[in-house]
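Peer 1: the sequence isn't on hand, but the structure is:
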């Protein structure tokens, strides 16, 4: 009887762990739905996920935009506009 009880408790803990650590489909779709698919024509890759305020965001464009001599040089053109998706909650 004791072995059966331990087995049931172990299965229950495993089931709770699976449901806790695997995100739901709605959580994934709500984050990804904010990305406009029309940008796929112009952007080949980008930094995604939770990004700290002091970290770099990288965007790789699908086509060359400037001459190779101008790469890395500052520009006065406003190319992108970023804003946080949601206010981050403190951990703890």
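Peer 2: Thanks, I have the structure now. Keep in mind that what you see is a predicted model, and the values were worked out from it rather than measured.

Peer 1: for residue 6, phi and psi?
Peer 2: Dihedral pair for residue 6: phi -60, psi -40, per degrees, to the nearest 10.

Peer 1: how deep is it tucked in, by neighbour count?
Peer 2: Neighbourhood size, residue 6 [other C-beta atoms under 10 Å]: 10. Backbone N, C-alpha and C define where each C-beta goes, glycine included.

Peer 1: need the three-state assignment for the closest residue to residue 60 other than its chain neighbours.
Peer 2: Once flanking residues are discounted, residue 60 sits nearest to residue 45: 4.4 Å by C-beta to C-beta, 6 or more residues apart in numbering. At residue 45 the chain is in strand, as set by DSSP: H, G, I helix; E, B strand; the rest coil.

Peer 1: before we move on, what about the one 10 residues further on?
Peer 2: The local conformation at residue 55, judged by three-state DSSP, is coil.

Peer 1: what is the burial count for it?
Peer 2: Using other C-beta under 10 Å, residue 55 has 9 other residues around it.

Peer 1: what's the separation between the closest residue to it other than its chain neighbours and residue 12?
Peer 2: The shortest distance from residue 55 to any non-neighbouring residue, by C-beta to C-beta, 6+ apart, is to residue 47 (7.9 Å). Separation of residue 47 from residue 12 (C-beta to C-beta, to the nearest Å): 39 Å.

Peer 1: still on that earlier bit, give the contact list for the residue nearest to residue 55.
Peer 2: Residue 47 is in contact with 55, 56, 57, 58, 59, counting by C-beta atoms under 8 Å, 6 or more residues apart in numbering.

Peer 1: circling back: in this structure the residue nearest to residue 60 contacts residue 62, no?
Peer 2: No - counting by C-beta atoms under 8 Å, residue 45 does not reach residue 62; the two are 9.3 Å apart.

Peer 1: joint contacts of these two?
Peer 2: By C-beta under 8 Å, 6+ apart, residue 45 and residue 62 have no common neighbours.

Peer 1: now do the helices in the chain.
Peer 2: Using DSSP state H, the helices assigned to the chain run over residues 2-21, 25-32.

Peer 1: looking at those, which one has the lowest mean pLDDT?
Peer 2: Ranked by mean pLDDT, the helices of the chain bottom out at helix 25-32, with a mean of 50.
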